[in-house]
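3D model of this:
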Amino acid sequence: MGESGKRKSLKGFYKITFLIGLGFFTMGLMDPLYDSFVPLFLRKYISSKGVIGSIMTLDNIFALFLIPIVSAISDKTNTPIGRRMPYIIVTLPLTAFFFSLIPFAALKSLAFLIVVLFLLNIFKQAARGPVVALMPDTIPGDYRSEANGVINTMGGIAAIVGTVGLSKLMDVNINLPVIGNTKDKLPFVISGILVVIAVILLFLFVKEKQKAESDEEREPIFKSLKLVFSAKEKSAMLILISLFIWFLGYQGILPFITMYAVDYIGVTKGVAGISPGMVAIAYALFAIPSGIVAHKIGRKKTIRFSLIMLVIIILLLFFHKPITEYFNLTQSLSILTFWVILFFFGIFWVSIITNSFPMLWQMATYNNMGIYTGLYYFFSQAAAIISPPITGFLIDFFGFRSIYIFGSLCMFFAFITMAFVKKGEVTDLN
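Numbering: from 1, shown residues only. All right, here's what the predicted structure looks like:
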């Protein structure tokens, strides 16, 4: 009977997790479209890739400050509909509105586009904290690992829908009421509508507890850094440094992938926008298998092997253009081979992401778990702020392909720093 009761609770748990995952679905839907096409909109007015890269870090800058601030405020909120939901039902619809407005603003002026991007990122990052906190508030502690898997899968599916499904609609050129000419607009409008629908479903079917199981104390970031960097055992510090370096490589390449496909392969925006989707498909397919592999051979070995493979794969991206020209490949074959390389990039990238967070958690205790989680996001967001302007200016001075040299070097240096990590395996009990 006990086992039967457990199955029953798990069944209900997956249903509520799916509904909570709608919040993550909205982020997974918008983020890849934003990264893929906003640089192309900005390019109409700005020639410097470095300046474009700097503007593209707006969301990460806001994330660094707004996520902890709004999360902390929502911790202390008490309303009849819960403590997270008031922020979600206000910020996510506003996010949807400004996200839908992006292509229309791009047609008007640079100033209008910058204002829309500024407001979009304020509301989107303000929403992210309460959306993330909704899961541990609602799901019992015993089931949160499974819940995280369900939610991340929904985010991956949303990324596939956005990049592979909606991106092609960038090329649709018809006239519709209200929208007018649809070219370059439909993916943003449809995404905005889907976000609003997701918020309605979230509000109607997810009922928050009036009080969470536990209120985890948040430590200031500098106190958290001191805790980790002053520890005698340096594995946690080395993982944070490693993830900062590999996120430098990843975030330095990703915002420019679609632009590269347009400029160097010569495909349309809609076709080029599918390129990040290849990474998303691999992410969704190989997230679980990569965890199984790491369980058998070890997390550190899996991550280091994946980093070396990424060095090779990113170098293949560097040589893709001259190789396709040497063999005189058609445009269709050129973009297809580009996608295949990106798919393999996604396989090994997800192997790193899936296993690095658990390594860090393995070094934490129950009382400082939140500190380590916060540091993970601090270092990854910091890399996302720093990297796009660096690679943007590299493009300005040395050409588009230079970002692949930068990316492969980052993965190689992360491979070296990970060699000195001594803890973080399943067998390391804290």
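
stretch 34-46 - what's its average pLDDT?
Averaged across stretch 34-46, the pLDDT comes to 93.

any idea how far it is from the middle of the chain?
The chain centroid and the centroid of stretch 34-46 are separated by 18 Å under CA atoms, centre = their mean, to the nearest Å.

cool, and stretch 294-308?
Stretch 294-308 sits 21 Å away from the centroid of its parent chain (CA atoms, centre = their mean).

now it: buried residues?
By 16 or more other CB atoms under 10 Å, the buried positions in stretch 294-308 come out as 294, 298-300, 302-307. From N, CA and C alone the C-beta is placed, and that goes for glycine too.

same check on stretch 88-95?
Residues of stretch 88-95 classed as buried: 88-89, 91-95 (neighbour count, 16+ other CB under 10 Å).

closest to Leu336 among these?
Nearest to Leu336, judged by CB to CB, of those is Thr95 at 34.3 Å.

now the closest one: which helix or strand?
Here Thr95, judged by DSSP states H and E, is contained in helix 85-108.

quick one: name whatever helix or strand follows that helix.
For helix 85-108, the succeeding helix or strand toward the C-terminus, using DSSP H and E, is helix 110-138.

can you report how many residues lie near Ile157?
Ile157: 18 surrounding residues under other CB atoms under 10 Å.

quick one: pLDDT of it?
Listed pLDDT for Ile157 reads 84.

re earlier: from the buried residues of stretch 294-308, which one has the minimum pLDDT?
Ala294 (83).

packing partners of the host helix or strand of that residue?
Ala294 belongs to helix 275-297 when elements are defined using DSSP H and E. Contacts defined by 3 or more CB pairs under 8 Å, 6 or more residues apart in numbering; DSSP states H and E place helix 275-297 against helix 2-43, helix 144-160, helix 257-260, helix 299-326, helix 331-362.

to Leu409, which of those lies closest?
helix 299-326 (8.3 Å).

tilt between the closest one and helix 331-362?
Interaxial angle, helix 299-326 versus helix 331-362 (axes from the mean of the first three to the mean of the last three CA atoms, to 10 degrees): 170 degrees.

for helix 299-326, name the packing helices and strands.
Applying 3+ CB pairs under 8 Å, 6+ apart, one finds that helix 299-326 contacts helix 235-253, helix 275-297, helix 331-362, helix 402-418.

now do the contacts for the nearest residue to Pro388 once chain neighbours are set aside.
Nearest residue to Pro388 in three dimensions, chain neighbours excluded: Gly53, at 3.5 Å (CB to CB, 6 or more residues apart in numbering). Residues near Gly53 by CB atoms under 8 Å, 6 or more residues apart in numbering: 255-256, 387-393.

chain center to the helix or strand hosting Gly53: distance?
In this assignment (DSSP H and E), Gly53 forms part of helix 49-55. With CA atoms, centre = their mean as the basis, helix 49-55 stands 19 Å off its chain's centre.

let me know the next secondary structure element after it.
Next along the chain from helix 49-55, counting by DSSP H and E, comes helix 58-75.

buried ones in that following helix?
Counting neighbours by 16+ other CB under 10 Å, helix 58-75 gives 58-64, 66-68, 70-71, 74-75 as buried.

so where's the stretch 51-200 of the chain uncertain?
Per-residue confidence for the stretch 51-200 of the chain (pLDDT under 70) gives these ranges: 136, 140-149.

check the stretch 251-400 of the chain too.
Within the stretch 251-400 of the chain, the ranges that satisfy pLDDT under 70 run 361, 364-371, 373-374.

quick one, the helix or strand where Tyr376 lies and helix 2-43 angle?
Tyr376 belongs to helix 369-398 when elements are defined using DSSP H and E. Between helix 369-398 and helix 2-43, the angle comes out at 30 degrees (the same axes, to 10 degrees).

returning to what we had before: give me whichever of the helices and strands packed on helix 299-326 is most buried.
helix 235-253 (a mean of 24; mean count of other CB atoms under 10 Å).

hmm, back to that, columns distance to Pro103 on top of the helices and strands packed on helix 299-326, output as JSON lines?
Output for the helices and strands packed on helix 299-326, formatted as JSON lines (distance: least, CB to CB, whole Å):
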{"stretch": "helix 235-253", "distance to Pro103": "24"}
{"stretch": "helix 275-297", "distance to Pro103": "18"}
{"stretch": "helix 331-362", "distance to Pro103": "23"}
{"stretch": "helix 402-418", "distance to Pro103": "25"}
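
please identify which of those is closest to Gly165.
Nearest to Gly165, of those and by CB to CB, is helix 275-297 at 8.2 Å.

contacts only, for the closest residue to Gly21 other than its chain neighbours.
Distance criterion CB to CB, 6+ apart; nearest residue to Gly21, sequence neighbours excluded, is Met154 at 3.8 Å. Applying CB under 8 Å, 6+ apart to Met154 gives the contacts 18, 21-22, 24-25, 28.

greatest separation within those: which pair is it?
Across the contacts of Met154 (CB to CB), the longest gap, 13.9 Å, separates Phe18 and Gly28.
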